[in-house]
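A.B. asks: below is the sequence, then the predicted model.
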Amino acid sequence: MEPKDLSLELKEFREVIISSNLTTCYLIFEELLSAKEEMIHYQEFSEHWIDTYRDVYKLIAKMKTG
């Protein structure tokens, strides 16, 4: 999945959505880990979150076509 070329204003809007999604995912993940008394640093999480997001996206896409 490649992002489409957008106007400058829409690119900025897309980046805000991605940033918000990343932060929300991190906060949820951090809360889940705290229940297990584990931690993850934001930098480590941000380096790998897109892989998880893409895996979920691909799974949902398969479910829609199946």
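C.D. replies: Yes, it's here.
A.B. asks: low-confidence regions, this protein specifically.
C.D. replies: 1-3, 65-66 (pLDDT under 70).
A.B. asks: where is the longest helix in it?
C.D. replies: Secondary structure of the chain read by DSSP state H shows that its longest helix is helix 8-35.
A.B. asks: next, the angle helix 8-35 makes with the following helix or strand past that one.
C.D. replies: Remark: after helix 8-35, the chain's next helix or strand is helix 42-65, criterion DSSP states H and E. Our comparison of helix 42-65 with helix 8-35, counting by axes from the mean of the first three to the mean of the last three CA atoms, to 10 degrees, yields an angle of 100 degrees.
A.B. asks: for the longest helix of the chain, name the packing helices and strands.
C.D. replies: Contacts of helix 8-35 with other secondary structure elements, assessed using 3 or more CB pairs under 8 Å, 6 or more residues apart in numbering; DSSP states H and E, are made with helix 42-65. All C-beta spots, glycine's among them, are computed from the backbone N, C-alpha and C.
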